[in-house]
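*Asks:* Give the three-dimensional model of this entry:
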Amino acid sequence: MDNSRGDSSGVGVLDKAALVLGALESGPATLAGLVSATGLARPTAHRMAVALEHHRLLARDMQGRFVLGPRLAELAAAAGEDRLLAAAGPVLTHLRDLTGESAQLYRRQGDMRICVAAAERLSGLRDTVPVGSTLPMKAGSAAQILLAWEEPERLHHGLQGARFTATALSGVRRRGWAQSIGEREPGVASVSAPVRGPSNRVVAAVSVSGPIERLTRHPGRMHAQALIDAAGRLTEALRRGGGH
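*Replies:* Numbers count the residues shown, from 1 in each chain. Below you'll find the predicted structure:
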């Protein structure tokens, strides 16, 4: 191994694994490419790559080249969720106090969305969504946010049977927030904005919800800016945690 890189930890096998993973950060590589990029002997590079593939830290593309594996994405998502939840408490509490309505944070899970954090309105009529609740991706402003920036194929699939349209999601992307009036539940209105991860992908939706009598039939006019600000603070927390 080339120790001139100055990044030796003293645990040789881990240093070699880190070299192989780092070499693939810029894209797929053949075994010869890994040898060239890492300075490892060909048998060593091959042994490390196959072992990392076994643990799903590496994978192969259609041409048989080595690429970063799905386990890395799973670990990154878990780390991001920890940072997101750590930041969510104070942000949602401030949002609730600012708007006077219950505040929630949602993440997508397949064809559902799950409430991963919440700050409930302290008294009076309120929309209560307990942490851990799963709701459909077919209705509600948070569902609109979690779908609006998806890839075209997932977007088309998500719109099938939805209470909102492609035109509505185009408007969501244009203005950066979504609203719903009686879409998920009669008499309930909500406003949501996107939380973005370090790669700028939408990873969550922050929302406020409550009775239409208080939020009116134009809840975005009242609370869109507060939601955008809250989402911005959560996005910044994720980007700081991601080394950006």
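*Asks:* and the nearest residue to Arg121 once chain neighbours are set aside, how far is that from Gly197?
*Replies:* Leaving aside its sequence neighbours, Arg121 sits nearest to Ser102 (Cβ to Cβ, 6 or more residues apart in numbering; 4.7 Å). The way it works is simple: take the backbone N, C-alpha and C, and place the C-beta from them, glycine included. Distance, Ser102 to Gly197, using Cβ to Cβ, to the nearest Å: 25 Å.
*Asks:* Could you do Arg217 as well?
*Replies:* Taken as Cβ to Cβ, the span from Arg217 to Gly197 is 33 Å.
*Asks:* Likewise for Gly33?
*Replies:* Gly33 is 29 Å from Gly197, where distance means Cβ to Cβ.
*Asks:* More neighbours: which of the two?
*Replies:* Higher neighbour count among Gly33 and Gly197: Gly197, with 20 against 16, using other Cβ atoms under 10 Å.
*Asks:* so which strand or helix has the residue nearest to that one when sequence neighbours are not counted?
*Replies:* Leaving aside its chain neighbours, Gly197 sits nearest to Val203 (4.4 Å; criterion: Cβ to Cβ, 6+ apart). Using DSSP states H and E, Val203 sits within strand 202-211.
*Asks:* Counting by contacts, list what that strand packs against.
*Replies:* Contacts defined by 3 or more Cβ pairs under 8 Å, 6 or more residues apart in numbering; DSSP states H and E place strand 202-211 against helix 70-99, strand 102-109, helix 141-148, strand 188-196, helix 219-241.
*Asks:* what's the angle between it and helix 219-241?
*Replies:* Strand 202-211 runs at 150 degrees relative to helix 219-241, counting by axes from the mean of the first three to the mean of the last three Cα atoms, to 10 degrees.
*Asks:* Strand 202-211 pairs with which strands, parallel or anti?
*Replies:* Applying DSSP bridges, strand 202-211 is found paired with strand 102-109 (antiparallel), strand 188-196 (antiparallel).
*Asks:* So which of those is the most surrounded?
*Replies:* Highest mean neighbour count among the strands paired with strand 202-211 (mean count of other Cβ atoms under 10 Å): strand 188-196, with a mean of 27.
*Asks:* could you give the mean pLDDT of that one?
*Replies:* Strand 188-196 comes out with an average pLDDT of 96.
*Asks:* again with stretch 93-101
*Replies:* Regarding stretch 93-101, the rounded mean pLDDT is 96.
*Asks:* Where does the prediction get shaky in the protein?
*Replies:* Applying pLDDT under 70 to the chain flags the ranges 1-7, 78-80, 241-244.
*Asks:* can you list the domains in it?
*Replies:* Taking the TED database as the reference, the chain has its domains at 12-78, 81-240.
*Asks:* Of those domains, which stretch is the most buried?
*Replies:* Mean neighbour count (mean count of other Cβ under 10 Å) peaks for domain 81-240 among these, with a mean of 19.
*Asks:* The residue nearest the centre of the chain: what's it in contact with?
*Replies:* For the chain, the residue sitting closest to the mean C-alpha position, by Cα atoms, centre = their mean, is Val203 at 1.8 Å. Listed by Cβ atoms under 8 Å, 6 or more residues apart in numbering, the contact partners of Val203 are Gly80, Leu84, Arg107, Val195, Arg196, Gly197, Leu238.
*Asks:* Distance to Thr167 added to those residues, as JSON lines?
*Replies:* As requested, the contacts of Val203 are exported to JSON lines (distance: Cβ to Cβ, whole Å):
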{"residue": "Gly80", "distance to Thr167": "31"}
{"residue": "Leu84", "distance to Thr167": "30"}
{"residue": "Arg107", "distance to Thr167": "25"}
{"residue": "Val195", "distance to Thr167": "24"}
{"residue": "Arg196", "distance to Thr167": "23"}
{"residue": "Gly197", "distance to Thr167": "27"}
{"residue": "Leu238", "distance to Thr167": "30"}
